[in-house]
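# Prediction below, plus the sequence it came from.
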Amino acid sequence: MASKATNLKPKPSRMSTRASWPKVRFGDVVRDVKGSVDRETTDLTRFIAGEHMGSEDLHLRTWGDINGDYLGPAFHRSFRKGQVLYGSRRTYLKKIAVASFDGICANTTFVLESHDPGVLLPELLPFVMLTDAFTQHSIRESKGSINPYINWKDIAKYEFSLPPKDEQRRIADILWAVDEAIELHKAGSLKASALLEAMRQDIFRQHLKIGTTSPLSDVGQWRSGGTPSRSNVDFWGGDFPWVSPKDMKVSEIQNSEEHLTPEGKSEASIVPCNAILFVIRGMILAHTFPVAITRREVAFNQDMKAIIANDAFDPLYVYHWLQSHSMTILGMVADSSHGTKRLPIESLLSLRIPVPDRKTQGEAVRLFQQAVEASLRLKDHADSLRELKSRLMNELLAPGGTV
């Protein structure tokens, strides 16, 4: 196999067309490394399982402890820093990561490296594997329907155009530069979110010291949600948003997955713009307390509650207060008779919120919103850069065209 790879060395070229790049088989330039390890005697301390690898994320951000976590018998394959890990199950998830440390993984994770760095630059390998063409090949060649998987021999026959070495370096440098920019924007967004939480804790603590408090029950009108009859087709498929917990992944509600017709709206629970929505029932309460503020009139379902703040409260002040007390609120969550999670409303109603004057509330909200907007801008930039990286990968490493 090594001789095949050596013969594939492209001639250096300042300018080339993709049409002139040699076609190669993946298995002729990439090696499946099957190193094994004795878990009883190894000095390795970390392992990687499928849940530790993110979709389309080349970085390992979490891992397991070999000495502290349960490991099944399949975890006996070793990997080294710099090698590429590839999840062979459900390859449409694009679980591809560059190892940042030595460790072990299951035999369902391929450990890959370039046969010869003089033929295929190791830094380019993960981007070749992230292209749409590679993913489509792996999906097409996968076996099984419930938990599809791919074998090495089927990955190995994937064909792609191999750029000259100087082109490989240029492409890899571009793509890793974009990846670095994504990481910087993500880190900035996380820091802005941490700043927001610190600001909330500090400001609400100050407000407790200098002002009065009110039970949450007196903040405004409390509304319960509901679901118009599913059996009546005339109620569903319109354009009026009907919000359920699955829509509560954002801080501002402007739309929803499901919509009501005017007839359905007349049977629904409606709240106006600037109502505070939160989930009171569902398994998501095992770890997250979803809160959002409406940016238009919406309907909502029975697994949620809404507060329409009275004149003494800025709705965003209430929203941020609830966000800052999410851990306290999650501590109130109990199991329902149906096995799901529920938030006892009586416990929530008794929580006490500071009641500074509206001007003081407004000043706090402006500070909170500045941090929110900074975090969102950085996250949006990271998302735009991810799209750019994907587009560049598929354009720069696609067959045909000019460079």
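Sure, I can see it.

# Mind listing what's buried along stretch 236-250?
236, 238, 240-245, 247-248 (16 or more other Cβ atoms under 10 Å). Placement of C-beta: from N, CA and C, glycine included.

# Let me know the closest of those residues to residue 393.
Nearest to residue 393, judged by Cβ to Cβ, of these is residue 247 at 31.6 Å.

# Distance check, the closest one against residue 313.
24 Å (Cβ to Cβ, to the nearest Å).

# can you check residue 211 too?
Distance from residue 211 to residue 313, by Cβ to Cβ: 12 Å.

# Then residue 351?
Applying Cβ to Cβ to residue 351 and residue 313 gives a distance of 14 Å.

# Looking at those two, which one has more neighbours?
The residue with more neighbours, out of residue 351 and residue 313, is residue 313; 22 against 18, by other Cβ atoms under 10 Å.

# Looks like the more buried one contacts residue 220 (just checking).
Yes: shown here, residue 313 and residue 220 form a contact pair, counting by Cβ atoms under 8 Å, at 6.6 Å.

# Overlap of the contact sets of those two?
Residues touching both residue 313 and residue 220 (Cβ atoms under 8 Å, 6 or more residues apart in numbering): there are none.

# measure the nearest residue to residue 320 once chain neighbours are set aside to residue 201 for me?
On the basis of Cβ to Cβ, 6 or more residues apart in numbering, the spatially nearest residue to residue 320 that is not a chain neighbour turns out to be residue 368, at 4.9 Å. Distance of residue 368 to residue 201, computed by Cβ to Cβ: 11 Å.

# What's the local residue count around the residue lying closest to residue 214 once chain neighbours are set aside?
Excluding the flanking residues, the one nearest residue 214 by Cβ to Cβ, 6+ apart is residue 355, at 4.9 Å. Residue 355: 18 surrounding residues under other Cβ under 10 Å.

# ok, residue 355 - contacts?
So residue 355 contacts 211-214, 312-313 (Cβ under 8 Å, 6+ apart).

# quick one, helices of the stretch 251-400 of the chain?
With DSSP state H, counting those that start in this stretch, the ranges of helices along the stretch 251-400 of the chain come out as 262-265, 315-324, 326-330, 345-349, 358-396.

# Could you say which one of those comes nearest to residue 79?
So among the helices of the stretch 251-400 of the chain, helix 358-396 is nearest, using Cβ to Cβ, at 23.2 Å.

# Averaged pLDDT, the closest one. What do you get?
If you average the pLDDT over helix 358-396, you get 93.

# Can you give me the buried ones in that helix?
Buried, per 16+ other Cβ under 10 Å, within helix 358-396: 360-361, 364-365, 367-368, 371-372, 374-375, 378-379, 381-382, 385-386, 389, 393, 396.

# by contact count, what packs against it?
helix 125-130, helix 165-210, helix 315-324 (3 or more Cβ pairs under 8 Å, 6 or more residues apart in numbering; DSSP states H and E).

# Kindly reformat the ones you listed as CSV and extend each row with mean pLDDT.
Shown next, in CSV, are the helices and strands packed on helix 358-396 (pLDDT from 0 to 100):
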stretch, mean pLDDT
helix 125-130, 96
helix 165-210, 94
helix 315-324, 97
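
# possible to save the ones you listed as a markdown table with mean neighbour count and distance to residue 88?
Compiled in a markdown table, the helices and strands packed on helix 358-396 are given as follows (neighbours: other Cβ atoms under 10 Å; distance: least, Cβ to Cβ, whole Å):
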| stretch | mean neighbour count | distance to residue 88 |
| --- | --- | --- |
| helix 125-130 | 23 | 12 |
| helix 165-210 | 16 | 23 |
| helix 315-324 | 22 | 40 |
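
# can I get the ones you listed in a markdown table with distance to residue 276?
A markdown table is the format used below for the helices and strands packed on helix 358-396 (distance: least, Cβ to Cβ, whole Å):
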| stretch | distance to residue 276 |
| --- | --- |
| helix 125-130 | 40 |
| helix 165-210 | 15 |
| helix 315-324 | 5 |
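
# right, and these - which one's nearest residue 225?
Nearest of those (Cβ to Cβ): helix 315-324, 16.8 Å.

# which other residues reach the closest one?
So helix 315-324 is contacted by 197, 200-201, 204, 219-220, 251, 274-276, 278, 289, 291-293, 307, 309, 329, 353-354, 361-362, 364-365, 368-369 (Cβ under 8 Å, 6+ apart).

# Repeat that for stretch 232-246.
Counting by Cβ under 8 Å, 6+ apart, 225, 227-230, 253-265, 267-268, 277, 279, 282, 284, 290, 294, 296, 298-301, 303-304 sit against stretch 232-246.

# My understanding was that the residue nearest to residue 320 contacts residue 198; is that so?
No: contact criterion Cβ under 8 Å: residue 368 and residue 198 do not qualify, at 11.2 Å.

# Count the neighbours of residue 87 for me.
Using other Cβ under 10 Å: residue 87 sits among 24 other residues.

# What of residue 332?
Around residue 332 there are 17 residues (other Cβ under 10 Å).

# Over to residue 218?
13.

# How about residue 301?
22.

# what's it sitting at in phi/psi?
phi -100, psi 180 (degrees, to the nearest 10).

# And the strands in the stretch 201-350 of the chain?
Taking DSSP state E, counting those that start in this stretch, the strands of the stretch 201-350 of the chain run over residues 213-215, 220-224, 236-243, 252-253, 258-260, 270-271, 276-279, 291-294, 298-300, 304-309, 334-335, 341-342.
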